[in-house]
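> Below are the sequence and a predicted model for it; my questions follow.
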Amino acid sequence: MPRGLLCLPVVMQTLNGVQELRALVGTELGTSDWHTVTQARIDAFAAATLDFEAIHVDPQRAALTPWGVTIAHGLYTLALGPALLYEVLSMRGHSLAPNYGFDRVRFVSPVRVDSRLRMTAHLDSAEPLRGGTRFRITQTFQIDGEDRPACVAESLVAYFD
C-alpha cells in the first residue's frame, strides 16, 4: 500500500508521554514524506470550504496566470499540518491533544498543482498549562525542487497529561 495522506502514516518517532516531548524543545522533530498535491485534492478542499476561486479550480483561467496552472489554497497547505505531523511524531501517555491555534502563518510561495510537499517540524518551546503543556512547533512546508518554502507556520498544540 502506498504511503501518504490517505493511508496510515509511517511515524518517524514515538514518544511515551508529555515529559519526553518537553525534553525535545529546541530540536527538529523530523520531516514528513512527500505528498502530491493533486487537482482532485484541491477541488475537494474548495468544496469543503466553499472557496472556488478560479486560480484554484479552473485550469483554463489559471493557465493565464504567471504560474500557468492551478495552485493550492494557502489554507489547504496549512491544513496538511496535523496529518504531516502525525508522520513525524506519535505521542502516547496523554489524555488529549487539541490544536491550540497559530501565532504566525506566512504563505511564502504558491503550490502548483501536482507539486510535492513535505513538512519539517521544529519544537520551539513548551509552556505549562493547567493539566498539561502548550507546545510551539514551527512547521515549514517545502515544495520539491523549490528553494523557498510554501508556508511557514508557528503551530500551537496542547498536550494534556
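Noted; the coordinates are in hand. Since the model is a prediction, treat every value here as computed from it, not as a measurement.

> From residue 140, how far off is the residue nearest the centre of the chain?
Note on the chain: the residue nearest the mean C-alpha position is residue 81, at 1.9 Å, using Cα atoms, centre = their mean. The spacing between residue 81 and residue 140, counted by Cβ to Cβ, to the nearest Å, is 10 Å. No exception for glycine: its C-beta is placed from N, CA and C like everyone else's.

> which stretches of the protein form strands?
In the chain, strands defined by DSSP state E lie at 13-16, 28-31, 35-36, 89-92, 99-107, 116-129, 132-143, 151-160, listed in chain order.

> So for the longest helix along the chain, mean pLDDT?
Using DSSP state H to define each element, the chain has its longest helix at helix 39-49. Helix 39-49 shows an average pLDDT of 98 in the prediction.

> Check which helices and strands that helix is in contact with.
When contacts are defined as 3 or more Cβ pairs under 8 Å, 6 or more residues apart in numbering; DSSP states H and E, helix 39-49 sits against helix 54-57, helix 74-79.

> sorry, back to before: does the residue nearest to the centre of the chain touch residue 119 like I think?
Yes - contact criterion Cβ atoms under 8 Å: residue 81 and residue 119 qualify, at 6.5 Å.

> Quick check: neighbours shared by the two?
139, 141 (Cβ atoms under 8 Å, 6 or more residues apart in numbering).

> chain center to the longest helix of the chain: distance?
Mean C-alpha position of helix 39-49 versus that of the full chain (Cα atoms, centre = their mean, to the nearest Å) differs by 16 Å.

> With stretch 85-96 instead?
Distance of stretch 85-96 from the chain centroid (Cα atoms, centre = their mean) equals 15 Å.

> ok, and the closest non-adjacent residue to residue 13?
residue 89 (6.0 Å; Cβ to Cβ, 6 or more residues apart in numbering).

> Report the contact partners of that neighbour.
So residue 89 contacts 11, 12, 13, 14, 15, 21, 29, 30, 121 (Cβ under 8 Å, 6+ apart).

> go with 7 Å
When the contact criterion is Cβ atoms under 7 Å, 6 or more residues apart in numbering, the partners of residue 89 are 13, 15, 29, 30.

> same thing with residue 152?
The contact partners of residue 152, by Cβ under 7 Å, 6+ apart, come to 106, 108, 138, 140.
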